[in-house]
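In: I would like to see how this sequence folds:
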Amino acid sequence: MTDRETQLHELGETYLPAEVLERFRERADIFDRENRFFDEDLAELKALGYLELFVPESHGGPGLSLFEVSRLQQRLASAAPATALAINMHLMCTGVVKAMNDRGDDSLNWVFDEVMAGEIFAFGISEPSNDWVLQGSNTEAVPTADGGFELTGVKIFTSLSPVWTRLIVHGAITADDDGIAGPDADEPAEGELVYGFIDRDAAGITVSDEWDVLGMRASQSRATVLDGVVMRPERVSRIIPAGKHPDLLTFAITSNFQLLIAAVYAGVAARALELGAAGLHRRKSAKSGTSFAEVPEARTRLADAHLDFMPVTAMIDAYSRDFDELVDHGAGWPLRLVGARIKAAEAARRNAETALMCTSGGGFGNRHELSRLYRDAAAGLFHPPSADAARPMYAAALLDG
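Out: Modelled structure (predicted):
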C-alpha cells in the first residue's frame, strides 16, 4: 500500500475497527426490521470519538479532513447505511464549521466546544415543496427585539430525530405583527434568509412520530415542526439575501452535504458489489457444471457494474481533497459536488440491482442483506437537488456561457 492508503487503513481501524463494523452490520437488520433508531451504534460511535472527527486539535479533536471523513463514511455505510446516513448530518454540521475555520471564519467555532461536551448536531434545512433548498425557505423567521428570531415552519427528513440537541435551520425573514422588520432600521428586511441554530429544549418544537418508510429506516429522519421557536441572537450565524448569492456558509454546507452523502452511497455500492460477487461464487450452474462466477454472462454483468462504479470513488476523493486544499473551482464547484452525489446514488441503485441478479432468489428474501441494501439505495432519489433539478445547471455550463 502507498503511505496514504496505509494511513487511511489505520484510520479505519482506529475509528471503525472490523469487529465493530461486523456488529453494526448484524444490528442493521434488526434496526430495519423493527424500524427503530440505532442507539447501540451511536453509543459505540461516541465511545470511538467518531462524532468528533472534524473537531480540530486546538479544540480537543483529531481534526480530520473531509477526504479522510468521506473515506470513513464509505466504510461505515458498507456495514450500516442508515447509521452512516444519519450520523452524516452531525458530521456535516461540524464539517461546515471546520471548513469555515480553515477559510478564516471562526464565528462558529463554539460548535466544536459543544461537540466535545457531548451535544449532537443535526440538519434542519429541507422543507416540503421548497425546491430552492438553501436559496429560499418556507419557514417564517420573525425578528425579536434582542436580535434573535422566532421560527415557524416544518423541516422534513430531519435525521437523528430521536437524539439531536442542536439543529441548524434557516428561515425567510418577515415583518413582525407591528410591521417592523427588525429592532431598528439597520436590521434585515424581508427578502433575506437567516441561518442559525436552535436548541432541542426550546419551546415550540414538535418531532413527528411518523417514520415508516421504504429504506434507511434506522435513520429515523422524522419531520420537525417549529411553532415560534426562538433562535437566540448568539446562535444567529448568517443573514443573507434569498436567491443565488454566494456565501461561505452555504458553500460549506453544500460541499459537506453533497460529498458526505455521496460517500454513504459509494459505501452502499461497494458493499453491493461484494455481495454480488459472493452470490456468483455460491450459486452453481447445472448447465456449465461450475459456479456462476465462471459463467461469462454473469461475469460481464458484474464487471460492467464494477467499471461504472470506479469513477465514483475517484470523484469523491478528488473533490474532497480539492476542498481540503482550498482549491478555487469557482462556478465549477456545484457541478462537481452535485455530480459526485448523483453519480454515487445512481451507482448504489444500479449495483444493488446487479447484485440481486447475481444472488438470484436468495437475495430477494427479506432476510438477505441485499434486500435491505436495495431499499436503502432507493433513498438516494430524494436528496436535493434531484437529477431533474440539477440538469439545467449542467446544460447552462455548456450552452449559456
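In: Can you mark which positions in the helix or strand bottoming out on mean pLDDT in the chain are buried?
Out: For the chain, counting by mean pLDDT, DSSP states H and E, helix 361-364 ranks last in confidence among helices and strands (a mean of 85). In terms of neighbour count (16 or more other Cβ atoms under 10 Å), helix 361-364 has its buried residues at G363. Heads up, the C-betas are built off the backbone N, CA and C, glycines and all.
In: Centre of the chain to the very next helix or strand once past that helix, how far?
Out: Scanning forward in sequence from helix 361-364 by DSSP states H and E, the next helix or strand is helix 369-378. Chain-centre distance of helix 369-378: 17 Å, with Cα atoms, centre = their mean, to the nearest Å.
In: Name the residues that touch the helix or strand following helix 369-378?
Out: Using DSSP H and E, the helix or strand that follows helix 369-378 towards the C-terminus is helix 387-399. Contacts to helix 387-399, defined as Cβ atoms under 8 Å, 6 or more residues apart in numbering, come from residues 131, 331-332, 334-335, 338-339, 342.
In: Export helix 387-399 to CSV, keeping only CA atoms.
Out: Extracted as CSV, the C-alpha positions of helix 387-399 are listed here (Å, rounded to 0.1, in the frame of the first residue of the first chain):
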residue,chain,number,x,y,z
ALA,A,387,-31.2,14.9,-11.2
ASP,A,388,-34.0,16.7,-12.9
ALA,A,389,-33.4,19.8,-10.8
ALA,A,390,-29.6,19.7,-11.5
ARG,A,391,-29.7,19.1,-15.3
PRO,A,392,-30.4,22.8,-16.1
MET,A,393,-27.2,23.7,-14.2
TYR,A,394,-25.1,21.3,-16.4
ALA,A,395,-26.8,22.5,-19.6
ALA,A,396,-26.2,26.1,-18.7
ALA,A,397,-22.5,25.5,-18.1
LEU,A,398,-22.1,24.4,-21.7
LEU,A,399,-24.8,26.3,-23.6
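In: Start at 38, not 1
Out: Taking 38 as the first residue, the last one we looked at is helix 424-436.
In: Show me what counts as buried in that helix.
Out: Those would be A427, for helix 424-436 by 16+ other Cβ under 10 Å.
In: what distance separates it from the middle of the whole chain?
Out: 22 Å.
In: Check the offset of the least confident helix or strand of the chain from the chain's centre.
Out: Using Cα atoms, centre = their mean, the offset of helix 398-401 from its chain centre is 29 Å.
In: What helices and strands are in contact with it?
Out: helix 285-319, helix 370-396, helix 406-415 (3 or more Cβ pairs under 8 Å, 6 or more residues apart in numbering; DSSP states H and E).
In: just so I know, which of those helices lies nearest H343?
Out: Of all the helices and strands packed on helix 398-401, it is helix 285-319 that lies closest to H343, at 5.9 Å by Cβ to Cβ.
In: Report the separation between R409 and N403.
Out: 8 Å (Cβ to Cβ, to the nearest Å).
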